[in-house]
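**Q** no sequence on hand, only this structure:
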Ligand code: AGP
């Protein structure tokens, strides 16, 4: 996720770009940049670091101009650096582009462009867009000289480029057009949001509403595959095929605070709802259609047979990431049939562990900066293990020190309580488990699971549409003084995360137990002021969970069951049943955690807490 802005009008554009980018810093902050049309030249200023670094650089010079684009970056391809920052330009610097999204086929496009003699300067996917537009623009200009080409060479070049792109993109671009056209800015939207702001004698683009509220509340929310051409005095809308579109603008009545959260009351709720898109962003570039069916392409880590021959997998992490590791254990042992050891990083680093250089050592961390996780990784690295990191933060310490990195493209996670980072960590673990399982010939029916993964974003969205059910349930249960989450197998691993979500933002005493453990002690805690939430997605263990529910009900507990649509066995014995759209039992954690995230959120709100900033907690624990 990145932040895009752009402006054409009567004001000096540089201050407008800096001001609008500031409102989008929550969307990306590892680097920032602008491009301004100044006296028939494109001046580009871009650098690694937060926006204030760029602002300080720009304060030392005056760049005059009233047409420009800006960008704050959350890196996905190419680590944060000056050269990888946006805007990106063609070789001559006549076209500048800013991009939010992932160009999935950029490697093939880069190869093709290099074969045309294009010299690349960055490691990003975005740079291919600037060179492609320039390639077609040059061809269209040549046709114009022979009077056989389109009258709008640049717009046509953009449309031709779009036919070559696969993936998600919100684009803003400006060009030196040798006075063929008045100053203008071109914007494109596919899967990543982009808004056109309508002013008087001025027009704007922005990734999100907050950037525009200081200037206008009249906007076009660009639809997928729409192209906008912004001039000082008007805006033209087109389809990707170049047909003109006419529609009425929308009026925004949000205040700034709610605008920064996309209209949601808190970042946590926004990020819970972003999971459906995060699933798509993390999965789609890695599930490719091949002749023999779907395939998992983890090109960024090139898993060789050696990985498939590993005698053991060790996974270490902290907090929510450790819970993802627990799900990973069940996934690797289920699909790849490799023994897995999971350790809390703060334990692993001090227990003098036994190393085997043949082991696969996986570390999981949203921030990539957690002190205990980094220490555990360094210890394993000294022991000769191959380190694979799963992280959400490009350029983080973890990503730089691991041998291989698999990114969760969840976008910045602002709320302290981790939600979309957790589920995208699970996706990466499932892809690894299935990939290694295929390499070890342990998953003959892999297509069944890949099909289920491809449907997961839609199923997550179906659950999110039922959030009011959970809000009402939370309003009845938020005052319970104890909440226990129980489950078996994959459900037990998810129960750990359910309990952490609730305790860390509602401050309710909440614990997770393997359901079979209740009778070995925990059931002594169950009383009439206890809520027991049973996760029941492992169909072959339903009768066990039925017994557990009867046990706790007999001691006065309220019960809530999270199970599959169509399963009625719990209706007569539980106080509440929440149903999930059906999928594979072994993939259930991707869905079963969502109602628990929402439950934790609504309980916290009912108790008057700020879910985004829970007491005593930090987003990244960079100290022991
Ligand atoms: C999870 O909601 C918490 N914020 C916390 O447990 C977190 O998961 C833990 O500190 C690990 O952070 P990391 O993923 O950035 O390493």
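**A** Cool, got the structure. Note that this is a predicted model, so its numbers are computed, not measured.

**Q** C-alpha only now, for contacts and for neighbours.
**A** Noted.

**Q** where do the strands sit along the stretch 251-400 of the chain?
**A** Secondary structure of the stretch 251-400 of the chain, counting by DSSP state E, counting those that start in this stretch: strands at 287-290, 293-296, 313-317, 340-344, 360-365, 386-391.

**Q** mind checking which of those strands is nearest the ligand?
**A** strand 360-365 (3.5 Å; CA to the nearest ligand atom).

**Q** report all helices and strands that that closest one contacts.
**A** Under the contact criterion of 3 or more CA pairs under 8 Å, 6 or more residues apart in numbering; DSSP states H and E, strand 360-365 touches strand 313-317, helix 319-335, helix 371-382, strand 386-391.

**Q** quick check: angle from the last one to helix 319-335?
**A** Going by axes from the mean of the first three to the mean of the last three CA atoms, to 10 degrees, strand 386-391 is angled at 120 degrees with respect to helix 319-335.

**Q** residues near residue 524, how many?
**A** 11 (other CA atoms under 10 Å).

**Q** a helix runs through it, doesn't it?
**A** Yes: looking at residue 524 with DSSP: H, G, I helix; E, B strand; the rest coil, it is inside a helix.

**Q** any chance of the helices and strands packed on strand 360-365 in TSV, plus distance to residue 76 and mean pLDDT?
**A** Formatted as TSV, the helices and strands packed on strand 360-365 follow (distance: least, CA to CA, whole Å; pLDDT from 0 to 100):
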stretch	distance to residue 76	mean pLDDT
strand 313-317	22	97
helix 319-335	20	98
helix 371-382	21	95
strand 386-391	11	95
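
**Q** tell me which of the ones you listed lies nearest to residue 499.
**A** Proximity to residue 499 (CA to CA) singles out helix 319-335 among these, at 10.3 Å.

**Q** what about that closest one, distance to the chain center?
**A** Averaging C-alpha positions (CA atoms, centre = their mean, to the nearest Å) puts helix 319-335 19 Å from its chain's average.

**Q** likewise for stretch 269-283?
**A** Centre to centre, stretch against its chain (CA atoms, centre = their mean), the figure for stretch 269-283 is 6 Å.

**Q** and the end-to-end length of that stretch?
**A** End-to-end distance of stretch 269-283: 22 Å, with CA to CA, to the nearest Å as the criterion.

**Q** hmm, who's touching stretch 330-341?
**A** With CA atoms under 8 Å, 6 or more residues apart in numbering as the test, stretch 330-341 has contacts from 310-315, 329, 429-430, 433-434, 436-438, 440, 442-443, 489-490, 586.

**Q** reformat the helices and strands packed on strand 360-365 into JSON lines and put mean neighbour count and distance to the ligand next to each item.
**A** Output for the helices and strands packed on strand 360-365, formatted as JSON lines (neighbours: other CA atoms under 10 Å; distance: least, CA to the nearest ligand atom, whole Å):
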{"stretch": "strand 313-317", "mean neighbour count": "25", "distance to the ligand": "7"}
{"stretch": "helix 319-335", "mean neighbour count": "24", "distance to the ligand": "3"}
{"stretch": "helix 371-382", "mean neighbour count": "21", "distance to the ligand": "7"}
{"stretch": "strand 386-391", "mean neighbour count": "24", "distance to the ligand": "8"}
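
**Q** nearest to residue 148, out of those?
**A** Closest approach to residue 148 among the helices and strands packed on strand 360-365 is made by strand 386-391 (50.9 Å; CA to CA).

**Q** got the angle for the closest one vs strand 360-365?
**A** Using the same axes, to 10 degrees, the direction of strand 386-391 lies 20 degrees away from that of strand 360-365.

**Q** okay, now the sheet partners of strand 386-391, with direction.
**A** Partners of strand 386-391 in the sheet, by DSSP bridges, are strand 360-365 (parallel), strand 404-407 (parallel).

**Q** any idea which of the ones you listed is most buried?
**A** Of all the strands paired with strand 386-391, strand 360-365 has the most neighbours on average by mean count of other CA atoms under 10 Å, namely a mean of 28.

**Q** that strand - what's its average pLDDT?
**A** For strand 360-365, mean pLDDT rounds to 96.
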